[in-house]
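Asker: coords please:
(chains A and B)
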Protein chains: 2
Amino acid sequence: MPSATPKNPDVSRRSAHSRTAILRASVELVGEVGYPRLTIEAIAARAGVGKQTIYRWWPSKAAVLLEAFTDLVHSEEHGSGLPDTGDLEADLKAVLRATADEFSDAGFEAPYRALAVASAADPELAEQFAVRLREPGRKLYAERLRAAQRAGQIDPAVDPDLAVELLLGPFQQRWLNRTGPLTHAFTDGLVELVLRALTPRSAAD
Amino acid sequence: MPSATPKNPDVSRRSAHSRTAILRASVELVGEVGYPRLTIEAIAARAGVGKQTIYRWWPSKAAVLLEAFTDLVHSEEHGSGLPDTGDLEADLKAVLRATADEFSDAGFEAPYRALAVASAADPELAEQFAVRLREPGRKLYAERLRAAQRAGQIDPAVDPDLAVELLLGPFQQRWLNRTGPLTHAFTDGLVELVLRALTPRSAAD
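Answerer: Numbering: from 1, shown residues only, chains lettered A, B, ... in the order given. Below you'll find the model as predicted:
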């Protein structure tokens, strides 16, 4: 352990450790008790820190949770853009399969559902959720679709933002309403059907 | 007022009046206080009936509310199937425009959102919601798409149930997440994009 400047690195290590513990505790707890019953006190107790440590860094439980999810999602495939191998269908299938796997993990699904439910009921939380999590994710999809459009793989008449809604809306509806399983067969079929809408029609059409 | 058999018609009229008042009260209240805080007591008070009148007809607040919404939705365009003028694009646009208008009505939107939020958090309610409301609605869309498929307007390779998800998922996501307005421009564009996915490709493709 390097400790040439002994004091600050220790503080910084302790801070990093506390931050990780707080974010993990917030995600675990919201999955267990739901967003309305989540409290800063409970997060502090689970993380083994004082309440004031949390309030020093975050103004509210929403802020803690949104940072926790932003960390989670950024550690996944969304961090540095969608894959671009040049094969749009393969890339979208890979990303949606990975997303389906993520939503099949109860440790991710339960807290994410709690946050989604709370956001649907609370416009202010929905706004923060959108700015921190949803819009950055959708932007990555739209960028990938624009690259495909420039490569002539998507019809110039198609609005990439609407195309993203076409791709993600059915996934979310199936997940949130539990209308069907999030299998790879579903996500592959969805990508194939959406690409039928996006690809250029032949001159005959 | 006809009263040849004076007793039963009066009872029946009173029952119908109470039933209507109870269903209306349940819809109003869930929009005002949300599903978790909705009580049979409050519905009874608002409807001007005794609690026992409600319990005689329905086992739970969920049952009252689902019947209220089933009535509401059946009084709308969904009651007797989707329109079938032979013009699939015009028919789908008309139905989605009407649905968007419905969701722009706060008297419908607030209670429906409360029910959707509660269903997302509660698998048992979600199941009842699906059986009573969502699946019958989706079936009407799927039937309309199957008719179009038989008429050669939809590619035989397309799964009509997945196509319904493609049409309704983006609408629901935009509504529930408030990611954009439910304008006619949006629903028309959605129908046009989805139909690109559904229509038969030319032989050249």
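
Asker: Near A:Thr199, how many residues? Count them for me, please.
Answerer: A:Thr199 is flanked by 20 other residues according to other C-beta atoms under 10 Å in any protein chain shown. Bear in mind the C-beta positions are built from the backbone N, C-alpha and C, glycine included.

Asker: A:Gly107 too?
Answerer: Counted with other C-beta under 10 Å, A:Gly107 comes out at 12.

Asker: Is any residue of the one helix or strand it maps to near chain B?
Answerer: For A:Gly107, the host element (DSSP states H and E) is helix A:106-121. Yes. Using C-beta under 8 Å from any C-beta of the partner chain, helix A:106-121 reaches chain B at A:Arg113, A:Ala114, A:Ala116, A:Val117, A:Ser119, A:Ala120, A:Ala121.

Asker: what's around A:Arg13, how many residues?
Answerer: Neighbours of A:Arg13 (other C-beta under 10 Å): 11.

Asker: just checking, what packs against the helix or strand where it lies?
Answerer: Taking DSSP H and E as the definition, A:Arg13 sits inside helix A:7-33. Counting contacts by 3 or more C-beta pairs under 8 Å, 6 or more residues apart in numbering or on different chains; DSSP states H and E, helix A:7-33 packs against helix A:40-47, helix A:51-57, helix A:61-74, helix A:106-121.

Asker: Let me know the next secondary structure element after the last one.
Answerer: Pointing back at helix A:106-121 there. Per DSSP H and E, the helix or strand that comes after helix A:106-121 is helix A:123-129.

Asker: Next secondary structure after that next one?
Answerer: helix A:135-150.

Asker: and that following helix with helix A:61-74, angle?
Answerer: 30 degrees (axes from the mean of the first three to the mean of the last three C-alpha atoms, to 10 degrees).

Asker: what is the mean pLDDT for helix A:135-150?
Answerer: The pLDDT scores in helix A:135-150 average 94.

Asker: tell me which residues in it are buried?
Answerer: A:Gly137, A:Arg138, A:Leu140, A:Tyr141, A:Ala142, A:Arg144, A:Leu145, A:Ala147, A:Ala148, A:Gln149 (16 or more other C-beta atoms under 10 Å in any protein chain shown).

Asker: Next SSE downstream of that helix?
Answerer: helix A:160-176.

Asker: now for that next one, which elements pack on it?
Answerer: helix A:88-103, helix A:135-150, helix A:184-198, helix B:160-176, helix B:184-198.

Asker: From the chain's centroid, how far away is that helix?
Answerer: Put simply, helix A:160-176 sits 14 Å off its chain's centre (C-alpha atoms, centre = their mean, to the nearest Å).

Asker: quick check: angle from it to helix B:106-121?
Answerer: Going by the same axes, to 10 degrees, helix A:160-176 makes 60 degrees with helix B:106-121.

Asker: Export only the CA atoms of stretch A:109-128, formatted as PDB.
Answerer: Output in PDB follows, covering the C-alpha atoms of stretch A:109-128 (Å, rounded to 0.1, in the frame of the first residue of the first chain):
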ATOM      1  CA  GLU A 109     -34.500  -6.300 -11.400                       C
ATOM      2  CA  ALA A 110     -36.100  -5.700  -8.000                       C
ATOM      3  CA  PRO A 111     -34.400  -2.300  -7.400                       C
ATOM      4  CA  TYR A 112     -34.800  -1.200 -10.900                       C
ATOM      5  CA  ARG A 113     -38.600  -2.000 -10.800                       C
ATOM      6  CA  ALA A 114     -38.900  -0.200  -7.500                       C
ATOM      7  CA  LEU A 115     -37.400   2.900  -9.100                       C
ATOM      8  CA  ALA A 116     -39.500   2.600 -12.300                       C
ATOM      9  CA  VAL A 117     -42.700   2.200 -10.300                       C
ATOM     10  CA  ALA A 118     -41.800   5.200  -8.100                       C
ATOM     11  CA  SER A 119     -40.900   7.300 -11.200                       C
ATOM     12  CA  ALA A 120     -44.200   6.500 -12.900                       C
ATOM     13  CA  ALA A 121     -46.000   7.900  -9.800                       C
ATOM     14  CA  ASP A 122     -43.700  10.800  -9.200                       C
ATOM     15  CA  PRO A 123     -43.000  13.300 -12.000                       C
ATOM     16  CA  GLU A 124     -40.000  14.900 -10.200                       C
ATOM     17  CA  LEU A 125     -38.300  11.600  -9.700                       C
ATOM     18  CA  ALA A 126     -39.200  10.600 -13.300                       C
ATOM     19  CA  GLU A 127     -37.400  13.700 -14.500                       C
ATOM     20  CA  GLN A 128     -34.200  12.900 -12.600                       C
END
